[in-house]
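Asks: Provided below are the primary sequence and the corresponding predicted coordinates.
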Amino acid sequence: MPAAWTHTSQKVLKMDELPLKERMKIDRHPMPAQLPEERIKNFDEVNLGYSLQMAQKEAQRCLQCKDAPCTKGCPVNVHIPEFLSHVIKGDLLASADVILNDNFLPAICGRVCPQETLCESRCVLAKKGKPVAIGNLERFTADFTADLRSEREMEDIADPTGKKVALIGSGPSSLACAGDLARFGHSATVFEALHAFGGVLVFGIPEFRLPKSIVNYEINVLRRLGVRFEKNIIIGRTLTLNELFNEEGYNAVFIGAGAGLPHFIGIPGEELVGIYTANELLTRINLMKAYKKESETPVLSFLDKVVAVFGAGNTALDSARTALRMGAKKVLIIYRRSEAEMPARKEEVLHAREEGVEFIFLASPLEFVGNDDGWLAEVKLQRMELGELDDSGRRRPLPIKGSEFTMEIEMAVIAIGNGTNPLLRNTPELEFTKRGTLVVNEDTLETTKRGVFAGGDIVTGGATVISAMGAGRKAAQSIHVYLSE
Ligand code: FAD
Ligand code: SF4
Ligand code: SF4
């Protein structure tokens, strides 16, 4: 267990719940963080975590609402007032037990959930001021109790059922599914195409937001529960889905293969040297550690370069902040809508601004132009304005005629979204939508092939860690029912 993110040496204070009037006077505690000028020189985690005292004070802001609107905003319904009341009393193991009942990966979700659109958006305090820092407190509880929790994890495992389940992919949907399957007594094996486990948690989200030691800790918890992990196996190539049933003897399969196929903009010049997809860039840097001299995987030098990142989701922000840490002189986020429509987590936008990332809104690329050596030299852009709402519920960006302009850039990162990988489309019984996502029964998450279940980004398209995890747990329940029939 990584020592840096545990606080068990801190003395737990027995605090009483303050009278309402007193609680209302406490300001939200900001998350302590590395200073921007320091953190852009390293890949260490930006947020440093609450101290015990901060956590207890922040939890005291909670009004313990009987109807818990915050819980309704959480995709897995973490019992928020209950876990916060234990934090106030200093009983952090009890707090962790409440969270773990619903959320299998609290140290991860506390760090990466978009709380401002989920639990914290429903907090009654958000109506007039700042919501309780639920994510920060969830992270605190998980970190504080990390070493204590491991003693308890084996307590509620059912006797072996003799049934075998294969899980395709090792992202949060499969991890959550495998954990529950192991608790039901089924034998779970996770097959991962890459050489490391965790899906986007390890190859997408950078170390400075989510240390890999935390993901590895959670994977080791699953190993102790009996889950097996097989790397470098691509289902659909190394083994087909049907071979898992017919030759390997699995009784059911969960597909948690994510949405890892990058979309391109589809404009001239996208093949020029100096243009990366966010997927490639982040995989080289996060998974293959290309920022380290000893890494065998190279990455083009960002040193003193002007870098433009296209898109405004978490992936774009992660790419921009990674480029800064790789030594870029100037990093621009270029987005065709306005700031209000940016899908990235609020904290990432704030952190990126503090670190010096610049934003150009309402501009869309038309063409990348290279120099004589085939290297990216400039981008032609067009100004946009916002029209009516589109299917995504956001205002549609519309080009403004005659507003074209050119900008000199040396590197570009395309971060406009991902589709699903076509590898599993060679299973004829599986039905896919036009977008390439898997068709499932919404109640059971069973696919059109009997005994095969699916969840996470492969079903929804790019979404969130907590929604993928929620789907994994729901599928585990259905698989258990299916195997018990
Ligand atoms: P994934 O995490 O994508 O994992 C799928 C795994 O399956 C991968 O490891 C892949 O290699 C493997 N696989 C694929 N096909 C096969 C095959 N045929 N055989 C074997 N293995 C296979 N969400 C948040 O909530 N907060 C954030 O801050 C956030 N930041 C993000 C930043 C980036 C850069 C990206 C890309 C996404 C981010 N997301 C964030 C989204 C979130 O990470 C995903 O929604 C979530 O990881 C989806 O989980 P999953 O289990 O469906 O798939
Ligand atoms: Fe909020 Fe995410 Fe925790 Fe749910 S899992 S309470 S959404 S931080
Ligand atoms: Fe506490 Fe806010 Fe939830 Fe009310 S809505 S119980 S104040 S976290």
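Replies: Nice, thanks for sending it over. Numbering: from 1, shown residues only. Ligands and ions are numbered 1, 2, ... in the order given.
Asks: just the CA trace of stretch 100-108, in PDB.
Replies: Taking C-alpha atoms only, stretch 100-108 is exported to PDB below (Å, rounded to 0.1, in the frame of the first residue of the first chain):
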ATOM      1  CA  LEU A 100     -17.800   0.400   0.000                       C
ATOM      2  CA  ASN A 101     -21.300  -1.000   0.200                       C
ATOM      3  CA  ASP A 102     -22.100   0.900  -3.000                       C
ATOM      4  CA  ASN A 103     -18.800   2.000  -4.400                       C
ATOM      5  CA  PHE A 104     -16.000  -0.500  -4.900                       C
ATOM      6  CA  LEU A 105     -13.300   2.000  -5.900                       C
ATOM      7  CA  PRO A 106     -13.700   5.000  -3.600                       C
ATOM      8  CA  ALA A 107     -10.000   6.200  -3.800                       C
ATOM      9  CA  ILE A 108     -10.400   6.400  -7.500                       C
END
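Asks: list the buried ones in that stretch?
Replies: 100, 102-108 (16 or more other C-beta atoms under 10 Å). (Each C-beta comes from the backbone N, C-alpha and C, glycine too.)
Asks: give the rounded mean pLDDT of it.
Replies: Throughout stretch 100-108, pLDDT has a mean value of 91.
Asks: what's it in contact with?
Replies: Here stretch 100-108 makes contact (C-beta atoms under 8 Å, 6 or more residues apart in numbering) with 5, 74, 76-79, 96, 99, 109, 138-139, 141-143, 146, 149, 172, 175-176, 179-180, 201, 210, 214-215, 217-218, 465-466, 469, 473.
Asks: name the element residue 84 belongs to?
Replies: Using DSSP states H and E, residue 84 sits in helix 80-89.
Asks: so which elements touch that helix?
Replies: With contacts taken as 3 or more C-beta pairs under 8 Å, 6 or more residues apart in numbering; DSSP states H and E, helix 80-89 sits against helix 52-59, helix 69-72, helix 92-102, helix 134-144.
Asks: give the other helices and strands that the shortest one contacts.
Replies: Right, the one you point to is helix 69-72. helix 80-89, helix 119-122.
Asks: of the ones you listed, which approaches ligand 2 most closely?
Replies: helix 119-122 (3.3 Å; C-beta to the nearest ligand atom).
Asks: hmm, residue 357 and residue 320 touching each other?
Replies: Yes: Residue 320 is within contact range of residue 357, at 4.8 Å (criterion: C-beta atoms under 8 Å).
Asks: what is in contact with the two at once?
Replies: Residues touching both residue 320 and residue 357 (C-beta under 8 Å, 6+ apart): 331-333.
Asks: so the closest residue to ligand 2 within the stretch 351-485 of the chain, which state does it fall into?
Replies: Per C-beta to the nearest ligand atom, residue 466 is where the stretch 351-485 of the chain lies closest to ligand 2, at 4.7 Å. Three-state call for residue 466 (DSSP: H, G, I helix; E, B strand; the rest coil): helix.
Asks: and it, what does it touch?
Replies: 74-76, 103, 109, 113, 118, 172.
Asks: could I get those residues as CSV with secondary structure and distance to ligand 1?
Replies: As requested, the contacts of residue 466 are exported to CSV (DSSP: H, G, I helix; E, B strand; the rest coil; distance: C-beta to the nearest ligand atom, whole Å):
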residue, secondary structure, distance to ligand 1
74, coil, 12
75, coil, 10
76, coil, 12
103, coil, 12
109, helix, 8
113, coil, 5
118, coil, 9
172, helix, 5
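Asks: tally up the residues packed near whichever residue of the stretch 101-250 of the chain sits closest to ligand 3, please.
Replies: The minimum distance from the stretch 101-250 of the chain to ligand 3, using C-beta to the nearest ligand atom, falls at residue 123 (3.3 Å). By other C-beta atoms under 10 Å, the residues close to residue 123 number 24.
Asks: repeat for residue 271
Replies: For residue 271, the neighbour count with other C-beta under 10 Å is 10.
Asks: same check on residue 205?
Replies: 23.
Asks: tell me what the biggest strand by length in the chain is packed against?
Replies: Within the chain, and with DSSP state E defining each element, the longest strand by residue count is strand 376-389. Judged by 3+ C-beta pairs under 8 Å, 6+ apart, strand 376-389 is in contact with strand 363-370, strand 395-399, strand 405-408, strand 411-414.
Asks: who in the stretch 301-450 of the chain is up against ligand 1?
Replies: Neighbours of ligand 1 within the stretch 301-450 of the chain, by C-beta under 6 Å from any ligand atom: 314-315, 318, 345, 421, 423-424.
Asks: got the contact list for the closest residue to residue 370 other than its chain neighbours?
Replies: In this structure, residue 370 finds its nearest non-sequential neighbour in residue 272, 4.4 Å apart by C-beta to C-beta, 6 or more residues apart in numbering. Shown in contact with residue 272 (C-beta under 8 Å, 6+ apart): 368, 370, 374-376.
Asks: report pLDDT for residue 272.
Replies: pLDDT, read off for residue 272, is 97.
Asks: phi and psi next, for it.
Replies: Residue 272 adopts backbone torsions of phi -60, psi 150, taken as degrees, to the nearest 10.
Asks: against residue 218, how distant is it?
Replies: Using C-beta to C-beta, to the nearest Å, one gets 40 Å for the distance from residue 272 to residue 218.
Asks: check residue 273 too.
Replies: Distance from residue 273 to residue 218, by C-beta to C-beta: 38 Å.
Asks: next one: residue 75
Replies: Residue 75 is 18 Å from residue 218, by C-beta to C-beta.
Asks: next one: residue 84
Replies: 23 Å.
Asks: the more surrounded of these two?
Replies: Comparing residue 84 with residue 218 by neighbour count (other C-beta under 10 Å), the higher total belongs to residue 84, at 27 against 22.
Asks: tell me who's in contact with the more buried one.
Replies: Contacts of residue 84 (C-beta under 8 Å, 6+ apart): 59, 62, 64, 95, 132, 134, 137.
Asks: out of these, grab the one that's most surrounded.
Replies: Highest neighbour count within those: residue 59, with 30 neighbours (other C-beta under 10 Å).
Asks: gap between the closest residue to that one other than its chain neighbours and residue 388?
Replies: Once flanking residues are discounted, residue 59 sits nearest to residue 87: 4.0 Å by C-beta to C-beta, 6+ apart. From residue 87 across to residue 388, the span is 45 Å (C-beta to C-beta).
Asks: of the two, who's got more company?
Replies: Counted by other C-beta under 10 Å, residue 87 and residue 388 do not tie: residue 87 has more neighbours, with 29 against 7.
Asks: so that one touches residue 141, yeah?
Replies: Yes: applying C-beta under 8 Å, one finds residue 87 in contact with residue 141, separated by 6.4 Å.
Asks: what touches both of these two?
Replies: Contacts common to residue 87 and residue 141, judged by C-beta under 8 Å, 6+ apart, are 55, 95.
Asks: the helix or strand residue 458 falls within near ligand 1 at all?
Replies: Residue 458 belongs to helix 457-460 when assigned by DSSP H and E. Yes: using C-beta under 6 Å from any ligand atom, we find that helix 457-460 touches ligand 1 at 457-458.
Asks: how far off centre is that helix?
Replies: Averaging C-alpha positions (C-alpha atoms, centre = their mean, to the nearest Å) puts helix 457-460 14 Å from its chain's average.
Asks: I'd like the average pLDDT over that helix.
Replies: Helix 457-460 comes out at a mean pLDDT of 96.
Asks: can I get the helix or strand in which residue 147 is found in CSV, CA atoms only?
Replies: Residue 147 is part of helix 146-149 when elements are defined by DSSP H and E. Coordinates of each C-alpha in helix 146-149 appear next as CSV, following Å, rounded to 0.1, in the frame of the first residue of the first chain:
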residue,chain,number,x,y,z
ALA,A,146,-6.5,1.7,2.9
ASP,A,147,-4.4,-0.5,5.1
LEU,A,148,-7.2,-1.3,7.6
ARG,A,149,-9.7,-2.2,4.9
